[in-house]
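Engineer: this is the structure alone, sequence omitted:
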């Protein structure tokens, strides 16, 4: 998925920061001023739901929008746990660019309500 996103974003002016583990994700979110975190639910060591909860519980990262990307069609869970948006798999280039445009190039927006 990371490589697919990189290919989708070539030439569109987005910088992609990658984390392969939950600890890397938390550290990167604390260290860098991120406009959006895209979080897959299926991750090694710790699932995305747990990472989302950790991000939203930490004072340094709670205000960073998190978009859950998952094959599981569970946007309600994502929003309940604090996600700002939901991107269902399979992800198309158009879907990804539309979401990134909304979160990264627009002024701060409220979370998208659950469907």
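Structural biologist: Everything's here; your move. Because the structure is predicted, anything quoted here is derived from the model rather than measured.

Engineer: mind listing the helices for this structure?
Structural biologist: 2-9, 22-31, 48-57, 75-80, 93-104 (DSSP state H).

Engineer: not counting sequence-adjacent ones, nearest residue to residue 104?
Structural biologist: Leaving aside its chain neighbours, residue 104 sits nearest to residue 35 (4.5 Å; criterion: Cβ to Cβ, 6 or more residues apart in numbering). Bear in mind the C-beta positions are built from the backbone N, C-alpha and C, glycine included.

Engineer: which helix or strand in the chain has the lowest average pLDDT?
Structural biologist: Averaged element by element with mean pLDDT, DSSP states H and E, the chain has its least confident helix or strand at helix 22-31 (a mean of 89).

Engineer: so what's the gap between that one and the chain middle?
Structural biologist: Distance, stretch centre to chain centre, for helix 22-31: 13 Å (Cα atoms, centre = their mean, to the nearest Å).

Engineer: buried residues in it?
Structural biologist: Within helix 22-31, the residues scored as buried using 16 or more other Cβ atoms under 10 Å are 22, 25, 26, 29.

Engineer: in TSV: those, plus distance to residue 6.
Structural biologist: Shown next, in TSV, are those (distance: Cβ to Cβ, whole Å):
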residue	distance to residue 6
22	21
25	17
26	22
29	19
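
Engineer: wait, residue 52 touches residue 79, no?
Structural biologist: No. Residue 52 lies out of contact with residue 79 (Cβ atoms under 8 Å); the separation is 10.5 Å.

Engineer: please tell me how far the closest residue to residue 73 other than its chain neighbours sits from residue 57.
Structural biologist: Leaving aside its sequence neighbours, residue 73 sits nearest to residue 88 (Cβ to Cβ, 6+ apart; 6.2 Å). Remark: distance between residue 88 and residue 57 (Cβ to Cβ, to the nearest Å) = 25 Å.
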